[in-house]
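A.B. asks: Quick check, what structure comes out for this input:
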Amino acid sequence: MEKKGSDESRASKGVSGVADEEKMLKPVLSRIKHKLMVMSGKGGVGKSTVATCLAIALAQKGYKVGLLDVDLHGPSIPHLLNLKGFLDIAPEEQKILPKKVMPNLEVVSIECLMADKDQAVIWRGPLKHSAIRQFLADVVWADLDYLVIDSPPGTGDEPLSVAHLIPDAKAIIVTTPQEVALADVRKSITFCRQVQMDIVGLIENMSGFICPYCGKHVDIFKTGGGERTAAQKGIAFLGKLPLDLKVVEAGDAGNLLEFFKTNPDSPYVQAFHQVADVIIERLKQMEVKPVAPSEIRAMKEYKVAIPLKEGKPAPFLPEADELALVYVKNGEIKKVEKLQPAEETGGVTPMAIVHLGANLVMTKRMKEKAKYIFYKNKVGVVLDISDLSPEELVQKFIAGEIGGE
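C.D. replies: As a prediction, this is how the structure comes out:
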């Protein structure tokens, strides 16, 4: 790590803005257990159909589900579910009420706020970010088991906003078996890794065609490409979905929900319920839990990272100009290192601390995304520390005076 000069006032303003945004969203996001962004590397792979069917399948299994359409330029969800009219406003809260399509499935899409459904949405990135934030903060979402988010194809503003606004959002990537789709899907995988978004796995859509006359399965787009790509990239493969003309017709007619209700034995519906079961199990495996300070104190040896600004604990990680790394063995401080942040990272980052092998991070405040990254990597977090030296802070932690249990 080495020192990087920066515009401190601009960085501080940016961190402060993110903190205000997190404060606004936290009451909503804390009531939603799983947030799943369905994305694809390119258009035409059936991503919106997959997102809609996933929401339906999860709701049919008894879970409380929200479906959020953030494909602002080409919303498809209202058409697939035959949603009519505007979204209502709760009179007391003056917030948006989602459309209920099942007792335990509610939907929000920008199209349900537009008088002219053919009107083009011509927005730059900041407006899109603001709209997505409002779809989260200004909507009266129920307490949900799952929020399924349908994003536009590619790795542009909308998926980036979801990654920034929802710290624990996870990606489900949809592809078709053709190489041109798989090449773009690899970019989606890279995107998720760059923004520190966990990937639930990959779904291969249109994996074989079911003949409407004889019921025979024909691999018109080849098959197995998604599974091979998942193996190559080290991510989970969630399953294959066939191309079924009846599903296409149901989507075009806005009867996708009715199709699921009236065709439980359909190969497509059965395949989708299998994929949903795999996703449910996969999310259990991916569950992230905070590391208790008592677990760290019980370790024979551990490292404590303390980001500093001008020699004192930094308000936030990105504002740090130095990192103290305190080595503890058998309850005693053995060594203290002072490291400079690497120039290319623009400051102290969560993954830099993880890569240094720290077991605990102590700082004043921390963004939710950073907390999630630390917990995922089995690193404990202690916040609200005072302006003491790194040695004094770690001594108090060893003695149990800060950090609690």
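A.B. asks: In contact with Asn64, which residues are there?
C.D. replies: No Asn there; residue 64 is Lys. With contact taken as C-beta atoms under 8 Å, 6 or more residues apart in numbering, Lys64 is in contact with Asn104, Ala142, Asp143, Leu144, Asp145, Tyr146. Every C-beta, even on glycine, is put in place using the N, C-alpha and C of the backbone.
A.B. asks: now swap in Lys289 and tell me
C.D. replies: Tyr375.
A.B. asks: Of the contacts of Lys64, just say which sits nearest to Val38.
C.D. replies: The closest of those to Val38 turns out to be Tyr146 (C-beta to C-beta; 11.4 Å).
A.B. asks: Around that closest one, count how many other residues there are.
C.D. replies: When neighbours are counted by other C-beta atoms under 10 Å, Tyr146 registers 24.
A.B. asks: Need the phi and psi values for it.
C.D. replies: phi -140, psi 140 (degrees, to the nearest 10).
A.B. asks: Now do the same contact list for it.
C.D. replies: Per C-beta under 8 Å, 6+ apart, neighbours of Tyr146: Ile32, Lys33, His34, Lys35, Leu36, Ala55, Leu58, Tyr63, Lys64, Val65, Gly66.
A.B. asks: Angles on the backbone of the last one, please.
C.D. replies: Just to be clear, that refers to Gly66. phi -110, psi 140.
A.B. asks: For the contacts of Lys64, which single residue is the most surrounded?
C.D. replies: Greatest neighbour count in the contacts of Lys64, by other C-beta under 10 Å, goes to Tyr146: 24 neighbours.
A.B. asks: Can you tell me who that residue pairs with across the strands?
C.D. replies: On the basis of DSSP bridges, Tyr146 takes part in beta bridges with His34, Val65.
A.B. asks: Could you measure from it over to Gly74?
C.D. replies: 23 Å (C-beta to C-beta, to the nearest Å).
A.B. asks: Just give me the closest of the contacts of Lys64 to Leu383.
C.D. replies: Asp143 (26.3 Å).
A.B. asks: hang on, isn't the closest one packed against Ser30?
C.D. replies: No. Taking contacts as C-beta atoms under 8 Å, Asp143 lies outside contact range of Ser30: 9.7 Å.
A.B. asks: Distance-wise, check His185 relative to Thr175.
C.D. replies: No, residue 185 isn't His; it's Val. Val185 is 4 Å from Thr175, by C-beta to C-beta.
A.B. asks: Please enumerate the shared neighbours of these two.
C.D. replies: Joint contacts of Val185 and Thr175 (C-beta under 8 Å, 6+ apart) are Ser40, Gly41, Leu202, Gly226, Thr229.
A.B. asks: got TSV for those, with secondary structure too?
C.D. replies: Listed next are the shared contacts of Val185 and Thr175 as TSV, based on DSSP: H, G, I helix; E, B strand; the rest coil:
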residue	secondary structure
Ser40	strand
Gly41	coil
Leu202	strand
Gly226	helix
Thr229	helix
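A.B. asks: Can you select the buried ones among those residues for me in PyMOL?
C.D. replies: Buried residues within these, by 16 or more other C-beta atoms under 10 Å, are selected in PyMOL with:
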select buried, resi 40+41+202+226+229
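A.B. asks: Need the max-distance pair from the shared contacts of Val185 and Thr175.
C.D. replies: Every pair of those checked by C-beta to C-beta; the farthest is Ser40 and Thr229, at 12.7 Å.
A.B. asks: which neighbours do those two share?
C.D. replies: Thr175, Val185.
A.B. asks: and for stretch 186-195, what are the contacting residues?
C.D. replies: With C-beta under 8 Å, 6+ apart as the criterion, stretch 186-195 contacts 39-41, 155, 159-160, 163-164, 171, 173, 197-199, 229, 233, 235.
A.B. asks: all helices of this structure, in order?
C.D. replies: 8-29, 47-60, 77-81, 125-137, 157-165, 179-194, 225-233, 245-252, 256-262, 267-285, 293-297, 350-355, 368-376, 390-398 (DSSP state H).
A.B. asks: which residue is nearest the centroid of the protein?
C.D. replies: In the chain, the C-alpha nearest the mean C-alpha coordinate belongs to Ala169, at 1.6 Å (C-alpha atoms, centre = their mean).
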